[in-house]
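Colleague: One predicted model, sequence on top.
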Amino acid sequence: MLKIALTGGLATGKSHVLARVGTLGLPTIDADIVARETTRPGEPAWREVHERFGDAILQPDGSLDRQALASIVFSDEPARRDLEHILHPPIYATIAAWLDDLAQAGAHRAAVADIPLLYETGHDGDFDKVVVVACAPDTQLRRVMARDGLDKPEAQRRIATQLPLTQKAARADIVISTEGTLQRTNTQVDRLVREMSQAT
């Protein structure tokens with residue numbers, strides 16, 4: 001079974017691509033959703049995050065206030081590294097176990113994991129193929145500002161915490177551009193799924 005990693009940058013369209021892949025029949029997993037599950041109240045990672053960042057990052061029900069946490073880690077690199085050190089091991093362990101289970105079941109020729117910080121964490125070698133979802137830098141900036149309600153300097157700061165899209169695209173096996181229309185993006189995804197589904 002082909003293990004495929006999907007990555008890219010903030011607001012480049014990874015979630016849409018992953019959803020499209022799923023509707024076309026390939027099993028998918030989203031590292032962001034795994035992170036949410038890993039940090040549910042009472043989970044070991046939740047306790048570590050709470051211990052490191054305090055009550056300021058908790059909602060009244062005890063769940064993480066992700067907006068408050070993001071405000072901290074995107075403006076404080078040591079804090080961001082601490083958070084990644086807590087979250088990445090259980091996230092990657094969950095994804096690896098999911099891929100192993102699928103491979104043993106033998107029902108699919110490929111599976112796709114959406115991992116935003118794949119290259120930054122050095123896990124690209126864990127996968128057979130890496131697909132990068134990319135768009136022009138000015139498009140990405142506009143999307144981040146619109147999606148997250150950020151001003152330009154804050155959006156730029158958050159984008160700068162990740163490897164530049166040009167570097168990610170240069171290292172990818174396959175690049176999907178979300179610069180054009182949704183139909184154009186879907187055409188690229190459909191072709192990718194056909195190719196991966198026929199792989200041996």
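Modeller: That came through, no problem.
Colleague: When you work out contacts or count neighbours from here on, use the C-alpha atoms and nothing else.
Modeller: Will do.
Colleague: Which residue lies nearest the spatial centre of the protein?
Modeller: residue 116 (2.8 Å; Cα atoms, centre = their mean).
Colleague: which secondary structure element contains it?
Modeller: If you go by DSSP states H and E, residue 116 is not part of any helix or strand.
Colleague: How far away from the center of its chain is stretch 56-71?
Modeller: Its chain's average C-alpha position is 20 Å from that of stretch 56-71, according to Cα atoms, centre = their mean, to the nearest Å.
Colleague: Please disregard the earlier target; I meant stretch 3-18.
Modeller: Here stretch 3-18 is found 6 Å from its chain centre; the criterion is Cα atoms, centre = their mean.
Colleague: quick one: terminal-to-terminal distance for that stretch?
Modeller: Using Cα to Cα, to the nearest Å, the end-to-end distance of stretch 3-18 comes to 14 Å.
Colleague: same question for that stretch, mean pLDDT?
Modeller: In this model, stretch 3-18 has a mean pLDDT of 97.
Colleague: for the lengthiest helix in the chain, which positions count as buried?
Modeller: For the chain, the longest helix by residue count, based on DSSP state H, is helix 77-105. Neighbour-count burial for helix 77-105 flags 79-80, 83, 86-88, 90-92, 94-95, 98-99, 102-103 (criterion: 16 or more other Cα atoms under 10 Å).
Colleague: can you check stretch 34-46 too?
Modeller: Under the neighbour-count criterion of 16+ other Cα under 10 Å, stretch 34-46 has 34, 35, 36, 38, 39, 41, 45, 46 buried.
Colleague: Same check on stretch 168-179?
Modeller: 168, 169, 172, 175, 176, 177, 178, 179.
Colleague: so the fourth one touches residue 165, yeah?
Modeller: Put plainly, it is residue 175. No - counting by Cα atoms under 8 Å, residue 175 sits too far from residue 165 to count as a contact (10.5 Å).
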